[in-house]
Structures are given as C-alpha cells and as structure tokens.
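Enquirer: here you go, sequence then predicted model.
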Amino acid sequence: MKEKQTRIEFTADDGSITAFFVIEQVRIAGVDYLLVADKEEGEDSEGYILKEVREEDEQSVYEIIQDENELEAISKVFEETIGDVDIEI
C-alpha cells in the first residue's frame, strides 16, 4: 500500500495560503530542509527546496533557497537520499 504524503500549508507574507506535499526532509549542519511538491506523488508537479530560517511561537518559518550554490548542494543530498528522483534546477 502506498503511504500517504504529508500535506502542509504555508502562509505567505501577504496572508495567502499555499499547500505543499512533503517528499523528504533532511537536517544538515543543524538546519532543516524540506523537499516539497505542489501535487501528490505520481502527478506532474513543481518541486521546491525550503530551508528553515527560524522558529516563531513553536512554528517553523521556511523560505525557498535563493543561493544557487546552496540550492545545488542540497538538491544533490535529496537526490542521494531519495534515489529515484531527478531534481532540475
């Protein structure tokens, strides 16, 4: 049986809410990173790598990685961790 993916919601600065499905999570040098997709597994989707930047009131705050070098390095970690995914930057 296929395991159901975790669905999380993010609230943008403008108050809009966007739902993502967590593909994988890794912790590197004490920093949490999430690989998320805008649709469930098996559907064509856009993926994003998010970095935890701080915690507020027991809730984590994540941002899309902007630094190209960091994005490339973390995407390689996710490719190795998952194995059957190809991340295009």
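Expert: Perfect, I can see it now. Residues are numbered from 1 along each chain as shown.

Enquirer: CA only for contacts and neighbour counts going forward, please
Expert: Will do.

Enquirer: okay, strands next: where are they in this structure?
Expert: Using DSSP state E, the strands of the chain run over residues 6-11, 17-28, 31-37, 47-56, 59-64.

Enquirer: among these, which is nearest Glu70?
Expert: Between Glu70 and the strands of the chain, the tightest spacing by C-alpha to C-alpha is seen for strand 47-56, at 10.1 Å.

Enquirer: may I see the buried residues of the closest one?
Expert: Gly47, Tyr48, Ile49, Leu50, Lys51, Glu52 (16 or more other C-alpha atoms under 10 Å).

Enquirer: of those, closest to Glu24?
Expert: Closest approach between the buried residues of strand 47-56 and Glu24, by C-alpha to C-alpha: Ile49, at 9.7 Å.

Enquirer: roughly how far does the closest one sit from Asp57?
Expert: Computed as C-alpha to C-alpha, to the nearest Å, the Ile49 to Asp57 distance reads 23 Å.

Enquirer: thinking again about what came up before, could you dump the buried residues of strand 47-56 into CSV with distance to Glu9 and pLDDT added?
Expert: Listed next are the buried residues of strand 47-56 as CSV, based on distance: C-alpha to C-alpha, whole Å; pLDDT from 0 to 100:
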residue, distance to Glu9, pLDDT
Gly47, 15, 85
Tyr48, 14, 89
Ile49, 15, 92
Leu50, 13, 93
Lys51, 15, 94
Glu52, 14, 91
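
Enquirer: pLDDT below threshold where in this structure?
Expert: Scanning the chain for pLDDT under 70 picks out the ranges 1-4, 42-43, 56, 84-89.
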